[in-house]
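Colleague: Structure for the following, please:
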Amino acid sequence: MGKTQMFKKILIANRGEIACRVAATARRLAIQTVAVYSDADANAKHVTACDEAVYIGGSAPKDSYLRWEKIIEAAKATGAQAIHPGYGFLSENEEFAQACAKAGLVFIGPPASAISAMGLKAESKQLMEKAGVPLVPGYHAADQDPALLQREADAIGYPVLIKASAGGGGKGMRAVDKSEDFAAALASCQREAINSFGDDAVLIEKYVQRPRHIEIQVFGDTQGNYVYLFERDCSVQRRHQKVLEEAPAPGMTPELRARMGQAAVEAARAVNYVGAGTVEFIVEQPGGYAHPEQMKFYFMEMNTRLQVEHPVTEAITGLDLVEWQLRVAAGEPLPLRQDQLQIQGHAIEARICAENPDNNFLPATGTLQVYGLPAHVTFERAPHGTRVDSGVRQGDTISPFYDSMVAKLIVHGATRAEALARMDAALAQTHIVGLATNVQFLRHVTTSASFAQAQLDTALIPREAAVLFNQDKVGLPLAVAALVAHTLQAEQTLAAQRDAHGWQDPWAQRDGWKSHGAQVRSFSVEYAGAPQGALLTHLRGGGLQLSVAGESQPLRWGAQGAGLDISFGNMRSVVNLYRNGDVAQVFTASGATQIIAIDALAHAGDTQAEGGRLTAPMPGKVVSFAVKAGDAVTKGQALAVMEAMKMEHTIAAPVDGTVAELLFAPGDQVTEGAELLRLEAAA
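Modeller: This is a model prediction of the structure:
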């Protein structure tokens, strides 16, 4: 395509899934790649995804991925001709783009002048106003006199939104409902802006009702050609950060799409944009969800880089946007004209993050002990299929140094309904153990009434909170049945191995066997933070009867692939259970949960701490001890509280005994399996 010469080698100045994503396209185009990495990323997936790798510094971004001088040195030392910045880190850093050009390296992104022009909200909106791009009614000028700002807000009409001009991430932002509240809100907003950005300048805008966040993917080349690759709806957000994205936007009319697309192209043209960019619009729904034809759109900002959610655009267009970036950066014209672009089907992307949605989305860290993903392609579009973009592997650690995103799950279907069904099935097949994630929360969102019916706006999550948070779709009976069946299967496997080596003493078995009477075995568990008990009866005529939560029902189970096909009373479910010591993660088609086992038979004679629940079930922090060395304790007594996966877990005594030694102090971080205290069993 064209007479220009494609790059032979590029350096990818990023990490994680976007570095792997760029490397995949480069490999397909026979372009060699150079990775950069920090201390924390020495064994990361993106390092092995590239042909070469260069160490650039410490784990904190400021010591590595934000040190553009080290990155340029690495590019020159390895003979790279260009640098792809990915997104985040240096991708929208004007100084870095200029430094690349000065070093004779191609920056695979827009000119530094375009980054600068779109870097500040107020200045970019003034530029867009001159270009004829619709703006939210508001005040964007430089005069910051409080009395003038008050008059402008009164003229716009309430409610209004005060926003820090240099802001982002929701900082320096206040909604004001009436004139008498404006002055106090302005002062608060300015204080936060100066603390966060060193600049207290603000802009004032009309507060849009039922707002949707819809963005347009644009591309420009060095010959002055521009196209838009349709839209993405990114309205589902938490803490002003995107959770789910889809393309095309539900309810979008062809006429509105054309007007928004042309406005985005004019925005790009106004700054002589080159490469991939995203023009973000806030969309008002004055007629409500039932009247999308009444939607009005206003320019919000332009992201001068590739976006996290670019795969949904690739899915509906059948294009590789990273390939387009490389070709445009090499001087080639855009591969297609506007009239050659078409929308095919519907795509949805879910951001899988290491966080606890039920605890205000607090980020989580830990090791991916199990990282089970649905059947998928790597990065190319699979028509009506499932795609996973990920920068980690099973056994990797999600550290506190970087973004909490683990993977992006992208599905594509002929219709939105088909894509929704495929997304729920893919999320159900995503099994992650070792740290808290938002996988189940994403399932709750995509199956909620608002999302399923495309009643979209940025308030969807708080509006649907009752069905999104603290939801248990498994339940105690099935969780206990799964744990019991898994335990029996493990014991049968062990017995078979023993039988293969000769006869075993039945009195040494731990399956509750008795020479007369019904065989009854008790199980003690902790579920949802509360102790629970269950009884398993081996019936004389064969079969099993399980009693849990006041209900006694027949229990049947059998192997089903890597899982178990369990029937308990009227319930039947295929379950995947992953057990690490006493902690078991249970995955079913309807949801997932955690249950902690205390097997009385297994621990009855233990004298070491490892024999009971005296070890950390996963990486975490010691919150408190309820005992001290020398204390006498009884079986089941609470000994310590540990926080792991952003949840508190009680460590209880497996037997009567005496505390010999506390091995940690409150506040200490501990690794999985670490012995927390030693217990001497009573004679």
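
Colleague: Do I have it right that A350 meets V236?
Modeller: No. Judged on Cβ atoms under 8 Å, A350 makes no contact with V236 at a distance of 9.6 Å. Yep, even glycine has a C-beta here, placed from its N, CA and C like the rest.

Colleague: Now the common contact residues for those two.
Modeller: When contacts are counted by Cβ atoms under 8 Å, 6 or more residues apart in numbering, A350 and V236 are jointly contacted by 243-244.

Colleague: need the helices for the stretch 551-683 of the chain, in chain order.
Modeller: 600-603 (DSSP state H, counting those that start in this stretch).

Colleague: From the centre of the chain outward, give me the first residue you hit.
Modeller: The centre of the chain sits closest to C353, judged by Cα atoms, centre = their mean, with a distance of 2.2 Å.

Colleague: That residue contacts V406, doesn't it?
Modeller: Yes. Contact criterion Cβ under 8 Å: C353 and V406 qualify, at 6.3 Å.

Colleague: Now Y37: which helix or strand?
Modeller: Taking DSSP states H and E as the criterion, the element that holds Y37 is strand 32-38.

Colleague: Can you get me the centre-to-centre distance for that strand and its chain?
Modeller: Centroid separation for strand 32-38 versus its chain: 24 Å, with Cα atoms, centre = their mean, to the nearest Å.

Colleague: Ok, stretch 87-101 next?
Modeller: Put simply, stretch 87-101 sits 25 Å off its chain's centre (Cα atoms, centre = their mean).

Colleague: Quick check: buried residues in that stretch?
Modeller: By neighbour count with 16 or more other Cβ atoms under 10 Å, stretch 87-101 contains the buried residues 88-94, 96-100.

Colleague: model confidence over stretch 117-134, on average?
Modeller: The pLDDT scores in stretch 117-134 average 86.

Colleague: any residues touching it, and which ones?
Modeller: 92, 94, 135, 138, 140-142, 163-167, 201, 203, 263, 266-267, 269-271, 296-299, 301-302, 304.

Colleague: Could you do stretch 190-198 as well?
Modeller: Contacts for stretch 190-198 (Cβ under 8 Å, 6+ apart): 164-167, 171-172, 199-202.

Colleague: so who does the closest residue to R27 other than its chain neighbours touch?
Modeller: Leaving out its chain neighbours, the residue that sits closest to R27 by Cβ to Cβ, 6 or more residues apart in numbering is T33, at 7.2 Å. Contact analysis of T33 by Cβ under 8 Å, 6+ apart lists 9-12, 22-23, 26-27, 49-52.

Colleague: again, only this time at 10 Å
Modeller: 7, 9-12, 19, 22-27, 46, 49-53, 78, 80, 84 (Cβ atoms under 10 Å, 6 or more residues apart in numbering).

Colleague: V227 now?
Modeller: Applying Cβ under 10 Å, 6+ apart to V227 gives the contacts 217-221, 261, 264-265, 268, 324, 334-341.

Colleague: cool, R463 as well?
Modeller: 448-450, 455, 457 are the contacts of R463 under Cβ under 10 Å, 6+ apart.

Colleague: out of the contacts of stretch 190-198, which one sits closest to Y371?
Modeller: K171 (33.3 Å; Cβ to Cβ).
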